[in-house]
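**Q** Could you work out the structure for the sequence below:
(chains A and B)
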Amino acid sequence: MAPLTIASRALARGVARPTCSLNAARALSTSAQLQDAGYSSPFKGESKTTKIPDFSHYFNKGGSANTNLLFSYFMVGTMGAITAAGAKSTVQEFLKNMSASADVLAMAKVEVDLQAIPEGKNVIIKWRGKPVFIRHRTQEEIDRANKVNVASLRDPQADEDRVQKPEWLVMLGVCTHLGCVPIGEAGDYGGWFCPCHGSHYDISGRIMKGPAPLNLEIPAYDFPEEDKLIIG
Amino acid sequence: MASPLYNALFRRNFQMLGVVFVSAFAFEMTYDVGMNKVWDNINKGRQWKDIRQKYAEAEE
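**A** Numbering: from 1, shown residues only, chains lettered A, B, ... in the order given. This next block holds a predicted model:
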């Protein structure tokens, strides 16, 4: 097959060479056609359908090359802007979809008026389905919590690490042993006592005696202003 | 050569990018506001903010 193609190619080249001058003449006439309204083909006896129409009506008459640039870039830019807005909106709505809904957020925080809690009293409130102990401690209780030897504890934690304001102790009312709710102002250490398996917590909520392994948990809380507590 | 508007908006690539992003921001804001208005118009009298004054007095 290969010799045949080589032969035919050589033949075609040989035929093409004499028409070279004719091609140059055609190229010349095409470039000249831009100025001339009419175009006369060098081929005789051509059919009507191969006649090149006159495009001079559509030529740019202003002379500058980029009169349409503003419009073209405006369309491109508008498309880009709408796409960017759509992409941003898509991502944003997708992420919003994953965040907590309004009813969850409403339940996630609890506000407590601390003025209603007298000194030396416990208050139990419900927060995210769990009880939260708030104790307004007296100065004597704070001193007692600070007097405890931290190194001797099962879960060593100083009292000032467990409170933001010493007179307000806020902690989750869930025993760290098996999740019972301890009883306030009870037990051997004057703090909390879990009736299920007998864990004793001191006045700072630290485990002193019994099976519980850890101190009572401290939730995230904040005092946005005096006499106001927000848990969550 | 080109119009001053072209020179102001699209001359350089970063210029055009800036124009596109700023106009995307503006477009999004106006679109959101407009669509919220359409929604409120369609659901007129059915939303909580429309019927609130009927119940707000009873609470206080």
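
**Q** what number of residues lie near A:Phe43?
**A** Using other C-beta atoms under 10 Å in any protein chain shown, the number of residues around A:Phe43 comes to 10. Every residue, glycine included, has its C-beta placed from N, CA and C.

**Q** typed the wrong thing, it's B:Asp40
**A** 13.

**Q** Next, work out how far apart it and B:Asp50 are.
**A** Using C-beta to C-beta, to the nearest Å, we find B:Asp40 at a distance of 8 Å from B:Asp50.

**Q** so the most centrally placed residue in chain A is in which element?
**A** Of all residues in chain A, the one closest to the mean position by C-alpha atoms, centre = their mean is A:Leu95, 5.6 Å from it. A:Leu95 is part of helix A:69-98, with elements assigned from DSSP states H and E.

**Q** other SSEs contacting that helix?
**A** Helices and strands in packing contact with helix A:69-98 are listed as helix B:4-9, helix B:13-42; criterion 3 or more C-beta pairs under 8 Å, 6 or more residues apart in numbering or on different chains; DSSP states H and E.

**Q** Of all those helices, which one is nearest A:Asp159?
**A** Closest of these to A:Asp159 is helix B:13-42, at 51.5 Å (criterion: C-beta to C-beta).

**Q** quick check: mean pLDDT across that closest one?
**A** Per-residue pLDDT values over helix B:13-42 give a mean of 94.

**Q** Please apply the same query to stretch A:85-93.
**A** The pLDDT scores in stretch A:85-93 average 94.

**Q** hmm, who's touching that stretch?
**A** B:Ala24, B:Phe25, B:Phe27, B:Glu28, B:Tyr31 (C-beta atoms under 8 Å, 6 or more residues apart in numbering or on different chains).

**Q** cool, stretch A:210-230 as well?
**A** For stretch A:210-230, with C-beta under 8 Å, 6+ apart as the criterion, the contacting residues are A:109-115, A:127, A:132-134, A:154-155, A:157, A:162, A:164-165, A:168, A:170-177, A:182, A:192, A:194, A:197-201, A:204-207, A:231-232.

**Q** What about those residues, which are in strands?
**A** For the contacts of stretch A:210-230, membership in strands holds for A:110-113, A:127, A:132-134, A:168, A:170-172, A:192, A:194, A:199-201, A:207, A:231, with DSSP state E as the criterion.

**Q** Among those, name the buried ones.
**A** Members of those that pass the buried threshold by neighbour count (16 or more other C-beta atoms under 10 Å in any protein chain shown) are listed as A:110, A:112, A:127, A:132-134, A:168, A:170-172, A:192, A:194, A:199-201, A:207, A:231.
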